[in-house]
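Trainee: Structure here, sequence nowhere to be found:
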């Protein structure tokens, strides 16, 4: 750990008083970590000896100021030595805290994280979606477990956060928690928000994320083809539960609604649009953004099947949706029965709507983005790559067919 200390005194002429007197500041550096604090002493710029870092001249006032600066210098070295003896991190911020009699180094990261999440919870529905708050709560739990696992302590001092802490946290998430790379990066991004709050409040002198790359790996998106979608829709299932799962899944394939949004979908949210036809007017649970979707015939048929369902009637819901875990279990069974060699999960319906149902059939990306409830068009653009692959495959097939029909000499 770097503990080499250096300090210097300098004038801040930008903060000069009307009489021309400029304040003397002390700069403390430990490695690359640097802080400044005012000495509360003033001097005319022409009286300041830059090389000697003291006031030039004679007289009682000059001697008093120079003696005071010397005392401050000694106090810095004493604070530096005290941190070493106390086995605490020797940082410029911690030295400054000791000089000022503050306990900034005693601020604990989990306390700050809990405070952040508590404030976020009060703003649910106003600034944040409940799902966002839950993700931060999960990140807090991971952070707490990591600190206990690595440092054998219930909390960790904010002033000790550094690059090494982040490296160890990343390793913990990937190894002990078995998180994939992108999930790990998202948890660390949530943690970064709390850390930057500490930096902005002056409790941490340097951002430990400054050189830490939060990069996401590109994820290959699976979608259903027209043929696979048709096979699922037309298949006859003996089990009523499997039929319900199939129907609700097909509804999402033709509306783009995620599991959570279909589960909470109310009958009252299906109304006539400005074209006189049925639309869905809802908000995404994940982002709390508005989503307006005109109903395609396939989706309308699925809704009509559950008009008289007792559970739907009693709750005012569109569908009798079971747990996501059970839905995905039945979807695996549906894939096997239909001969679909893909990992069929409920979220595949949303991807299928974005690509197979809309973009591939010429629906503009801006329109698709609006129906999906995306806040940013970039979120929708990664679906375009799948569509490009499909176009490429179709054109290659066309080339092969054309080459067989091509007359000699052309």
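Mentor: Yep, that arrived. Predicted, not measured: the structure shown is a model, and the values here were computed from it.
Trainee: how far away is residue 181 from residue 218?
Mentor: Applying Cβ to Cβ, to the nearest Å, the value for residue 181 to residue 218 is 11 Å. C-beta coordinates here come from the backbone N, C-alpha and C atoms, glycine included.
Trainee: Repeat that for residue 368.
Mentor: 20 Å.
Trainee: Who has more neighbours out of the two?
Mentor: A direct count of neighbours by other Cβ atoms under 10 Å for residue 368 and residue 218 places residue 368 higher, at 21 against 8.
Trainee: Listing request: residues of the stretch 51-200 of the chain with sub-threshold pLDDT.
Mentor: Low-confidence segments of the stretch 51-200 of the chain, defined by pLDDT under 70: 102-105.
Trainee: which parts of the helix or strand in which residue 7 is found are buried?
Mentor: Assigned by DSSP states H and E, residue 7 belongs to strand 5-11. Going by neighbour count (16 or more other Cβ atoms under 10 Å), the buried part of strand 5-11 is 5, 7, 9, 11.
Trainee: so after that strand, what's the next helix or strand?
Mentor: Next along the chain from strand 5-11, counting by DSSP H and E, comes strand 22-30.
Trainee: Identify all contacting residues around that next one.
Mentor: 2-13, 15-16, 34-45, 48, 65, 69, 72-73, 76, 80, 90-92, 95-96 (Cβ atoms under 8 Å, 6 or more residues apart in numbering).
Trainee: can you pull the buried residues of it?
Mentor: 22-26, 28-30.
Trainee: and the helix or strand following it, what other elements does it pack with?
Mentor: Later in the chain than strand 22-30, the nearest helix or strand by DSSP H and E is strand 33-43. In this structure, strand 33-43 makes packing contacts with strand 22-30, helix 60-85, helix 92-100, judged by 3 or more Cβ pairs under 8 Å, 6 or more residues apart in numbering; DSSP states H and E.
Trainee: what's the angle between strand 33-43 and strand 22-30?
Mentor: When axes from the mean of the first three to the mean of the last three Cα atoms, to 10 degrees is applied, the directions of strand 33-43 and strand 22-30 differ by 160 degrees.
Trainee: Strand 33-43 pairs with which strands, parallel or anti?
Mentor: Counting by DSSP bridges, the strands paired with strand 33-43 are strand 22-30 (antiparallel).
Trainee: centre of the chain versus the partner strand, how much separation?
Mentor: Counting by Cα atoms, centre = their mean, to the nearest Å, strand 22-30 is centred 37 Å from the centre of its parent chain.
Trainee: Could you number the chain from 3 rather than 1 from now on?
Mentor: That works, and once the first residue is 3, the last one we named lands at strand 24-32.
Trainee: what angle sits between that strand and strand 7-13?
Mentor: With the same axes, to 10 degrees applied, the angle from strand 24-32 to strand 7-13 works out at 170 degrees.
Trainee: pLDDT on strand 24-32, on average?
Mentor: Per-residue pLDDT over strand 24-32 has a mean of 92.
Trainee: So what angle separates the directions of that strand and helix 62-87?
Mentor: Using the same axes, to 10 degrees: strand 24-32 against helix 62-87 is 20 degrees.
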